[in-house]
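Trainee: sequence first, then the predicted structure, then my questions.
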Amino acid sequence: MPTPAPHAKEPHDALGYLVKHAHLRLTALTDAALAPLGIDSKDFGVLRVLVGREPMSQQAVAAKLGVDRTTMVALIDGFEAKGIVIRKPDPADRRRNAIELTGPGLALYRKADAAYLAAEDEFLAPLDATTAALFRRALRAVLAPPTPDGRDRHDRGRGLA
């Protein structure tokens, strides 16, 4: 007797599909909001890492954002050419460059942050405020690294609270 065929499954039922397409939608909204400022979501990520901190090495910024060195160099090169950041030798290791926002870079960040937050609000608009807060907390929980003893985050005995 042949094995019965499995029921057709919709792609929108798969978590990977949902996460990917939510990310694509948020990126499209934020890129559109940031475009009038001459930057995109990747650029904003760099600004967000640099704002309010001591100068950081390109490698540290790349690691924080999870981007490769080549991409980071290209982003910083573009920012430097526009006067948004300056590179200077890292006092702790002169072989490295420390990156710092300039005054115009900080002004750009402030405008970009407002545009980004408006895009986030648009993305979360289908959710009420409580559900939007729970959504953020759930994403943070999923992204949390395992405990130092190697246990999975689900074995920690705590919920989303």
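Mentor: That came through, no problem. Owing to the predicted nature of the structure, the values given are computational and were not obtained by experimental measurement.
Trainee: low-scoring stretches of the chain, by residue?
Mentor: Residues of the chain that meet the criterion pLDDT under 70 lie in 1-8, 149-161.
Trainee: try it again with 90
Mentor: Residue ranges of the chain with pLDDT under 90: 1-14, 52-55, 57-60, 69, 88-97, 143-161.
Trainee: show me the residue at the heart of it, geometrically.
Mentor: Compute the mean C-alpha point of the chain, and by C-alpha atoms, centre = their mean the closest residue is Gly45, 5.9 Å away.
Trainee: top helix in this protein by residue count?
Mentor: helix 103-124 (DSSP state H).
Trainee: could you check the angle helix 103-124 makes with whichever strand or helix holds the residue nearest to the centre of the chain?
Mentor: If you go by DSSP states H and E, Gly45 is part of helix 41-50. Helix 41-50 and helix 103-124 are oriented at 120 degrees to each other (axes from the mean of the first three to the mean of the last three C-alpha atoms, to 10 degrees).
Trainee: which parts of helix 41-50 are buried?
Mentor: For helix 41-50, the neighbour count (16 or more other C-beta atoms under 10 Å) marks Ser41, Lys42, Asp43, Phe44, Gly45, Val46, Leu47, Val49, Leu50 as buried. (Each C-beta comes from the backbone N, C-alpha and C, glycine too.)
Trainee: can you list the residues that contact that helix?
Mentor: By C-beta atoms under 8 Å, 6 or more residues apart in numbering, the residues outside helix 41-50 that reach it are 27, 30-31, 34, 39, 56, 61, 64-65, 67, 71-72, 75-76, 78-79, 84-85, 99-101, 105, 108-109, 112-113, 116.
Trainee: which among those count as buried?
Mentor: The neighbour count (16+ other C-beta under 10 Å) marks 30-31, 34, 39, 56, 61, 65, 67, 72, 75-76, 79, 84-85, 99, 101, 105, 108-109, 112, 116 as buried among the contacts of helix 41-50.
Trainee: in helices, which of the residues you listed appear?
Mentor: Using DSSP H, the buried ones among the contacts of helix 41-50 in helices are 30-31, 34, 61, 65, 72, 75-76, 79, 105, 108-109, 112, 116.
Trainee: so what's the residue count around Asp90?
Mentor: Asp90: 18 surrounding residues under other C-beta atoms under 10 Å.
Trainee: give me the distance between it and Ala129.
Mentor: Per C-beta to C-beta, to the nearest Å, Asp90 is found 43 Å from Ala129.
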